[in-house]
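>>> the sequence and its predicted three-dimensional model are supplied below.
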Amino acid sequence: MARLVVIGGDAAGMSAASQVRRMQPEREIVVFERGSYTSYAACGIPFLVAGLVEHPDKLIARTPEQFREKYRIQTMIRHEVLAIQPKEQRILVRDLEKNEERQEPYDELLIATGADPVSTGFAGEESKNVHLVNTLVHAEAINQALSSGGEVRHVLIVGGGYIGLEMAEAFLLRGLEVSMIHRGPEVMTTFDPDMARHVSEALRQGGIDLHLHTALEGFTHQNGRVSAVLTSQGSIAADMVVLGIGVRPASRLAKEAGLALGPKDSIRVNELQQTDQAHIWAAGDCAQSFHLVSRRPVSIALGTIANRQGRIAGINLGGGYATFPGVLGTSIAKFMDCECARTGLNERELKQLGRQYVQAQISTRTLPRYYPGSSAMHVKVLAEKGSGKLLGVQIVGGPGAAKRIDSAAMALHAGLRLDELINVDLSYAPPFSGVWDPIVTAAKQAMKEV
């Protein structure tokens, strides 16, 4: 039976390998992972640092030993793939422990290399007290530094995206002083600025020393440590620096092998997760997706997408047939009691596409005002001018606000118009919502502009 080789042992890679094993119990499956862990919840890293998750093992779904013994998937950790050779149908692998290289043949190859953190390009980035937050090893390094006898009192976070928000909360919960620099007018650049300002305000109210319109320009470093971060607005002292400036598809191997690339150099795939080269597939953060609203290929790094793409690739590699329909970019995060979520397109994206749209914003409550626990909530709805077709939704609010984004995602997935969304039979009881769901209220407001 054809030999399946997988490059990358996390979400997409192991999801695919497990799916193939269920469909083909006797097939040879080999996974090469350059790190020390497989199948772990990277999204849980901020909560591990915060102390809300007790031990790194809690984030590991299955160990390499479990994959080998229970699922008979040969999982080779600390093995880095150096090159893909499509004509010979083989890869070049280095055993990082033995520092030995060898060729490995494949009949089918799945690239699931994930995403790489964006580099600052400044000297000092490799200093001992400058940290990334992309892997479990990164989390362990941060925790070790925080446990080293009170040397870290002030942390500076570069970047106000999802990771920046969650790490800011984590460090506050550890009793540290936290500064954040962000080059945009507001944090959370996947949101429109008029919605993101509510998140910026929450950060300040929560005790974060927030510097907006502030670009990173370098580090003051000596003897392997950074003592200050140089910015467009001056120097900021710090005992630890955390970089959260984004990720890019880890597509170097694919590019060097001559595979076609898409947005942000993500690996181009069809709806089956096949690349343009025979017998080579790709899934996860390294691969492109199809956006269901813009109807264009996109690169979006989310664990939900990686797992779903991995499953689709696994079904097809296992002899079945399945297609990946696309994505909406639905995402959610929180800082303390401030929750934020979005789905579909924002105003910047709609303008880039030349789409005519209307928008409406409302400020409301998560629950009826008379019910205990009610908190402020802001909702923004974007819809197509003329047809009223829903294009995007953004939510910022207190506890219980953000998870409502799922109903908006379902409406977008179904291609609903505003008038259809208004008539959806949503649930109501005072402990959960007002009689008019806030998304429906915003949709009613937007209908006036259509």
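Perfect, I can see it now.
>>> all strands of the stretch 101-250 of the chain, in order?
Counting by DSSP state E, counting those that start in this stretch, the stretch 101-250 of the chain has strands at residues 108-111, 115-117, 130-131, 154-158, 177-181, 209-211, 216-222, 225-231, 234-237, 240-243, 247-249.
>>> which residue of the chain lies farthest from its centroid?
Tyr370 (36.8 Å; C-alpha atoms, centre = their mean).
>>> contacts only, for it.
The contact partners of Tyr370, by C-beta atoms under 8 Å, 6 or more residues apart in numbering, come to Pro430. In short, each C-beta sits where N, CA and C put it, glycine included.
>>> so it: helix, strand or coil?
coil (DSSP: H, G, I helix; E, B strand; the rest coil).
>>> for Ser363, see how far away it is.
18 Å (C-beta to C-beta, to the nearest Å).
>>> same check on Thr441?
Taking C-beta to C-beta, one finds Thr441 at 10 Å from Ser363.
>>> those two: which is more packed in?
Thr441 (17 against 12; other C-beta atoms under 10 Å).
>>> and the strands of the stretch 101-250 of the chain: which comes nearest Val396?
Minimum separation from Val396 across those (C-beta to C-beta) falls at strand 209-211, 15.6 Å.
>>> the closest one: how far from the chain's middle?
Centre-to-centre, strand 209-211 and its host chain are 23 Å apart (C-alpha atoms, centre = their mean, to the nearest Å).
>>> what is it packed up against?
strand 177-181, helix 193-205 (3 or more C-beta pairs under 8 Å, 6 or more residues apart in numbering; DSSP states H and E).
>>> need the contact list for Pro297.
If you count contacts by C-beta under 8 Å, 6+ apart, then Pro297 has Gly262, Pro263, Ser266, Arg268, Gln288, Ser289, Phe290, His291 around it.
>>> and Ala2, by the same measure?
Counting by C-beta under 8 Å, 6+ apart, Ala2 has contacts Arg27, Asp107, Glu108.
>>> let me know the distance separating it from Ile181.
Distance from Ala2 to Ile181, by C-beta to C-beta: 50 Å.
>>> returning to that earlier point: list just the nearest of the contacts of Pro297 to His79.
Ser266 (23.7 Å).
>>> tell me, how many neighbours does that closest one end up with?
Count around Ser266 with other C-beta under 10 Å applied: 26.
>>> can you tell me how far it sits from Ile245?
Ser266 is 18 Å from Ile245, by C-beta to C-beta.
>>> on that earlier part again, and the strands of the stretch 101-250 of the chain: which comes nearest Val137?
So among those, strand 130-131 is nearest, using C-beta to C-beta, at 10.5 Å.
>>> tell me the mean pLDDT for the closest one?
The pLDDT scores in strand 130-131 average 96.
>>> helices or strands up against it?
With 3+ C-beta pairs under 8 Å, 6+ apart as the test, strand 130-131 has helix 136-146, strand 240-243 packed against it.
>>> can you put those in TSV and add distance to Ser39, mean pLDDT and mean neighbour count?
Formatted as TSV, the helices and strands packed on strand 130-131 follow (distance: least, C-beta to C-beta, whole Å; pLDDT from 0 to 100; neighbours: other C-beta atoms under 10 Å):
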stretch	distance to Ser39	mean pLDDT	mean neighbour count
helix 136-146	11	94	18
strand 240-243	25	97	24
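>>> any chance of JSON lines for the ones you listed, columns distance to Phe67?
Shown next, in JSON lines, are the helices and strands packed on strand 130-131 (distance: least, C-beta to C-beta, whole Å):
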{"stretch": "helix 136-146", "distance to Phe67": "16"}
{"stretch": "strand 240-243", "distance to Phe67": "31"}
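>>> what segments of the stretch 251-400 of the chain are strands?
Going by DSSP E, counting those that start in this stretch, the stretch 251-400 of the chain shows strands at 280-282, 289-290, 297-298, 331-335, 338-344, 357-365, 376-384, 390-397.
>>> which of those sits closest to Glu125?
strand 331-335 (25.0 Å).
>>> next, the angle from that closest one to strand 338-344.
170 degrees (axes from the mean of the first three to the mean of the last three C-alpha atoms, to 10 degrees).
>>> who touches strand 331-335?
Taking C-beta under 8 Å, 6+ apart as the rule, strand 331-335 contacts 162, 165-166, 168-169, 188, 190, 199, 202-203, 206, 302, 339-343, 402-403, 405.
>>> re the thing from before, type out the ChimeraX command that picks the buried ones from the contacts of Ala2.
Listed next is the ChimeraX selection for buried residues among these, using 16 or more other C-beta atoms under 10 Å:
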select :27,108
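>>> pull out the buried residues from the helix-or-strand element of the chain with minimal mean pLDDT.
Across the helices and strands of the chain, mean pLDDT, DSSP states H and E gives its lowest value to helix 64-69, namely a mean of 92. Across helix 64-69, burial judged by 16+ other C-beta under 10 Å covers Pro64, Phe67.
>>> ok, longest helix in this protein?
Counting by DSSP state H, the longest helix found in the chain is helix 303-317.
>>> extract the C-alpha trace of that one and format it as PDB.
Output of helix 303-317 as PDB, limited to C-alpha atoms (Å, rounded to 0.1, in the frame of the first residue of the first chain):
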ATOM      1  CA  GLY A 303      -6.300  26.200  14.300                       C
ATOM      2  CA  THR A 304      -9.900  25.600  13.300                       C
ATOM      3  CA  ILE A 305      -9.000  25.900   9.600                       C
ATOM      4  CA  ALA A 306      -5.900  23.800  10.000                       C
ATOM      5  CA  ASN A 307      -7.800  20.900  11.600                       C
ATOM      6  CA  ARG A 308     -10.500  21.000   9.000                       C
ATOM      7  CA  GLN A 309      -8.100  21.100   6.100                       C
ATOM      8  CA  GLY A 310      -6.200  18.300   7.600                       C
ATOM      9  CA  ARG A 311      -9.300  16.200   7.800                       C
ATOM     10  CA  ILE A 312     -10.200  16.900   4.200                       C
ATOM     11  CA  ALA A 313      -6.700  16.000   3.000                       C
ATOM     12  CA  GLY A 314      -6.800  12.800   5.100                       C
ATOM     13  CA  ILE A 315     -10.100  11.700   3.600                       C
ATOM     14  CA  ASN A 316      -8.800  12.100   0.100                       C
ATOM     15  CA  LEU A 317      -5.400  10.500   0.900                       C
END
